[in-house]
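K.L.:
I would like to see how this sequence folds:
(chains A and B)
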2 protein chains.
Amino acid sequence: MAQKIIIVGGVALGSKAACRFKRLEPRSQVTIIDQDRFVSYGGCGIPFYVSGDVSDVNDLRKTSFHMLRDEAFFRNCKDIEVLTQTRAERIDRENKKLHIRRLDGTTDVLDYDQLVLGTGSRPRCLMIPGADLPMVHTSANLNDAQAIKELVTRGQVERAVIIGGGFIGLEMAEALADMWEVDTTVVEYFDQIMPGFVGPQFARMAQRQMEKHGVRFFLDEEVKAIEGTDSVEAVVTSKRRLEADLVIIAIGATPNVELAREAGLRLGPTGAIAVDEHMRTSDPVIYSGGDCAEIRNLVTGQPGYFPLGSMANRQGRVIGTNLAGGSAEFRGAVGSFVVKTFEAALAGTGLSLERARRAGFDAVSVQVAQLDRAHFYPDKAMIHLELVVEKKSRRILGIQGFGEEGDAVVGRINMVAAMLEDRPTIDRLSNVELAYSPPFSSAMDVLNALANTAENMLDGHYQPIDADGFAEKWVNGNGNLLILDCRARQDGESFAKKYPDRWVNIPQDELRQRMAEIPTDKDLILICNTGVRSYEAQLNLREMGVTDPVSVQGGMVTLNKCGLDL
Amino acid sequence: MAQKIIIVGGVALGSKAACRFKRLEPRSQVTIIDQDRFVSYGGCGIPFYVSGDVSDVNDLRKTSFHMLRDEAFFRNCKDIEVLTQTRAERIDRENKKLHIRRLDGTTDVLDYDQLVLGTGSRPRCLMIPGADLPMVHTSANLNDAQAIKELVTRGQVERAVIIGGGFIGLEMAEALADMWEVDTTVVEYFDQIMPGFVGPQFARMAQRQMEKHGVRFFLDEEVKAIEGTDSVEAVVTSKRRLEADLVIIAIGATPNVELAREAGLRLGPTGAIAVDEHMRTSDPVIYSGGDCAEIRNLVTGQPGYFPLGSMANRQGRVIGTNLAGGSAEFRGAVGSFVVKTFEAALAGTGLSLERARRAGFDAVSVQVAQLDRAHFYPDKAMIHLELVVEKKSRRILGIQGFGEEGDAVVGRINMVAAMLEDRPTIDRLSNVELAYSPPFSSAMDVLNALANTAENMLDGHYQPIDADGFAEKWVNGNGNLLILDCRARQDGESFAKKYPDRWVNIPQDELRQRMAEIPTDKDLILICNTGVRSYEAQLNLREMGVTDPVSVQGGMVTLNKCGLDL
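P.N.:
The predicted structure is shown next:
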């Protein structure tokens, strides 16, 4: 009955699988093997250790009750053996044996009944000159973290360049710029940060937020070389040379699949280890999960790669259950994410518009801006949401959010994530039930309003234009452009004065009476503060036979956040 | 094509239905009739107006862009006619006519093509002597709000008694005690606050939180009379006499159904107006919703009564769509709620354990306490969650939460609310995907942990005892009781010293070695800080053949919050 379980890799998935299994089968023997000195740490916490939010690196290794999760912890609390600084070299599947090599060069062969591969991922490399110079780091493990922290603590970093504007790049940029006042530049290959995850406007909102705190961004630039002799001196991009005494490369993760591949286990189309819904590989006694495995994207139905600590933890528990004869399932992921950008949060789940279209959906998106709780309640913040919808079926494919009250943004995103697997349509979101009280939400919450707005657009009542569309017309528009500002006089009048040839202010409540003032030969754009009154005005105009005008979605608030200073 | 629509009641449902309809059919004529002076206000904001969070009563009547929603607003912005201080006296369904009476006594008869009843609710009355004395108020509308605010602003209230420990009672208690330092007492008929909505422990946590801020509570007491001559002087309960110069009665709402009943419209088993999924009454050209109508409880499948402003708003939009020939649906409610109690929030969705059992489910519940984000992240707070599960099917019936970071609590509750309609089982919650980053959630979030804990309990691995169960044993336990404290020495040792005959401290990581110290003839209760180590210890003991011990769910943290000062 008692089994021998070997787990290769003990960071998130491996240690979780081990602990869960031991709770179910305490008499079985579990061995965790890891090539590093450290196991079972919160790798996602590294940027917060660098920033100083987490003062001691060991805090990332501790339980919530402050016990260090080292070899002794696993032995005494969990009755699990941990072999650190030990490499798994080869799996002999036929004989169920694992060949290992210790740091001192000695080797051994271990028997297993069942095996778990939690070999994780490594940072993607840049194949450019200088990438191996001292002071060029990734942010992959606690060794990197300690090295970077030591540099900044000793004041040895004045200028940092971060290559990559994804999660880790942004988190590291905030860590360096905020706490250590390092002159920090992010270089991104694509023309926006968080490419693929959010649309261009939301990316720009987060970027602006970080720029306010001194982080500099260069988008649409390829890094060509890292220069330096004894240490890094500069980063050379396709457009400029950036002096730097620290470079952090954060351009994504590559699954560690060598051990699995050499053992003949099936890899999937993403290049990661293929597993079924029970997290079982093509060998029925070998499980895998976490950063080295691929899982189903529950929105597209296709294999996906989601290297995230939270995934690994949940998958680890599923594996632990199944090692003990259970049949727990991990059906896949909808792809939720969040990144803190100083006071704000940028979050999402499911597909961005771009990814939806690349996946073959005939998709559209719509944005709203609304306060996160009752507008009469004193503490409140604006939430910007973008909903991605399949046109014909009205199915929700994804949602992205940005706002300065992080928990409020994340709360809305998580609600959609909770139902996304069921392929909800917008009418479901239109009536989704948030716990309501003025300090926590609006009677018609921003999430309900978002679905309603999508419905209005799909039904042809609402013709929105986004910030980029507006900017394009504003910059390139010929003399025919006319902005009809539907806000109250105290808000709109100054704009009408500033741009007398292209801006008129007619408050929405005066629109019916002043319809004659509206020229019929103009390229009309309606705007208000958040988009509510300009939508109303659009309907008013349509009633009067003016059918062309578009309405700026998210209004002036959105234009401002996107950096359009009118 | 153009219709005449009459809407009776213009607070939340009525004005929303009117506006939505007018956007779809601008050429139709809409008239709102309301007996009050005010329409379209945020009634849920009244306690926050009384508290001073909202300084001007008109802020509750304004749009998010600061326009007062009065008759002129509806006329100019919406092209909707509003008749205030006008009563709808009788519906002549056969001839589609509404008989109305104005404040000046004049009457009129209005034609309608379709009619909407948004007659709302009124506060339930107390049929006791003195209930009609001056200074005895409810918190039903802006008139009450202004009267109460004036009294406290003028410093005329020293002692207030609030009858009823539900949402409004608690919000009004906070308003009076916090801002105005009124000596405030809440009297509740049942033996806990928020009866029916949350279990006894979570009720006590919220109560304790309010007691810390000076609010006094008397539970399990019936109010017998209100004493006074010119004004209120005291409230007499079944157990005591409480002096008071202000009394607020907040014991729930009764739907205003007289108009509907007299017109022969069908009422449902709750006593409110029966409507179908399109919010249509038994007369196909009459719609109803909001506080005067009943809707389906999506968890029980039975008719339910949910008088809440957010419901009314969403239902209003559905009605507006359907008045214009659409077929929008409002399927029902899962029953989400939240109440702010000073810094904390008490929230939930679906059924409490008590309501689940009353509805005929063979239900159990389990509690966890866990930090709301990565434990190594500096800003974090404890979240307490209770999950109500149908035993056999493992279906989730409800969840309640309490914690000091309100948005974080509400965020978790809302996630469950989003899927509750689909009758999820605990394995769905076990893998539900929260957007993960250390500043926002844990790699294994409290919501995942809650489902895992429920699974462990149902699978027989985890034998929890709640705070009341512990208290009962602690107080009444004979000499056989032994608390095995699995925390580290610095936490557990002082308790072992204080209660040498019934408390031993063996840290969980020493348990395997010190198993001999554990007496086998004792009534053993395992405890740690939040319940994680005591669960592990329970499994360790079971492995050694000790199968009886129970583990305190939510640990010391929960006992403390429930007011058990050990």
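
K.L.:
in stretch A:419-435, what's buried?
P.N.:
By 16 or more other Cβ atoms under 10 Å in any protein chain shown, the buried positions in stretch A:419-435 come out as A:419-421, A:424-435. Heads up, the C-betas are built off the backbone N, CA and C, glycines and all.

K.L.:
what do you get for stretch A:282-301?
P.N.:
For stretch A:282-301, a neighbour-count test (16+ other Cβ under 10 Å) marks A:282-283, A:285-300 as buried.

K.L.:
So stretch A:307-325, near chain B or not?
P.N.:
Yes. Using Cβ under 8 Å from any Cβ of the partner chain, stretch A:307-325 reaches chain B at A:308-314, A:317-318.

K.L.:
Surely A:I399 forms part of a strand?
P.N.:
Yes. The assignment for A:I399 by DSSP: H, G, I helix; E, B strand; the rest coil puts it in a strand.

K.L.:
how many other residues sit next to the closest residue to it other than its chain neighbours?
P.N.:
Of all residues not flanking A:I399 in the chain, A:V416 sits nearest, at 4.7 Å (Cβ to Cβ, 6 or more residues apart in numbering or on different chains). Using other Cβ atoms under 10 Å in any protein chain shown, A:V416 has 28 other residues around it.

K.L.:
With A:K212 instead?
P.N.:
Neighbourhood size, A:K212 [other Cβ under 10 Å]: 12.

K.L.:
do the same with A:E354
P.N.:
Using other Cβ under 10 Å: A:E354 sits among 18 other residues.

K.L.:
any idea which element it lies in?
P.N.:
Using DSSP states H and E, A:E354 sits in helix A:353-358.

K.L.:
Any buried residues in that helix, and which?
P.N.:
When burial is assessed from 16+ other Cβ under 10 Å, helix A:353-358 yields the following buried residues: A:353-357.

K.L.:
got it, and stretch A:543-553?
P.N.:
A:543, A:546, A:549-553.

K.L.:
what residues does it touch?
P.N.:
By Cβ atoms under 8 Å, 6 or more residues apart in numbering or on different chains, the surrounding residues in contact with stretch A:543-553 are A:366-368, A:453, A:462-467, A:469-470, A:484, A:515, A:518, A:520, A:523-527, A:531, A:534-535, A:537-538, A:541, A:558-559, B:26-27.

K.L.:
picking that back up, so which of the buried residues of stretch A:419-435 reach chain B?
P.N.:
Among those, the ones lying close to chain B by the criterion of Cβ under 8 Å from any Cβ are A:419, A:427, A:430-435.

K.L.:
about what we covered before: tell me the buried residues within the contacts of stretch A:543-553.
P.N.:
Taking 16+ other Cβ under 10 Å as the criterion, what is buried in the contacts of stretch A:543-553 is A:366-368, A:453, A:462-467, A:470, A:484, A:518, A:523-527, A:531, A:534-535, A:537-538, A:541, A:558-559, B:26.

K.L.:
Just those: which are in strands?
P.N.:
Counting by DSSP state E, these place A:366-368, A:464-465, A:484, A:523-527 in strands.

K.L.:
Of those, which is the nearest to B:T153?
P.N.:
Using Cβ to Cβ, A:V368 comes nearest to B:T153 of these, at 37.0 Å.

K.L.:
From what I see, the closest one and A:Q400 are in contact.
P.N.:
No. With contact defined as Cβ atoms under 8 Å, A:V368 and A:Q400 do not form a contacting pair (11.8 Å).
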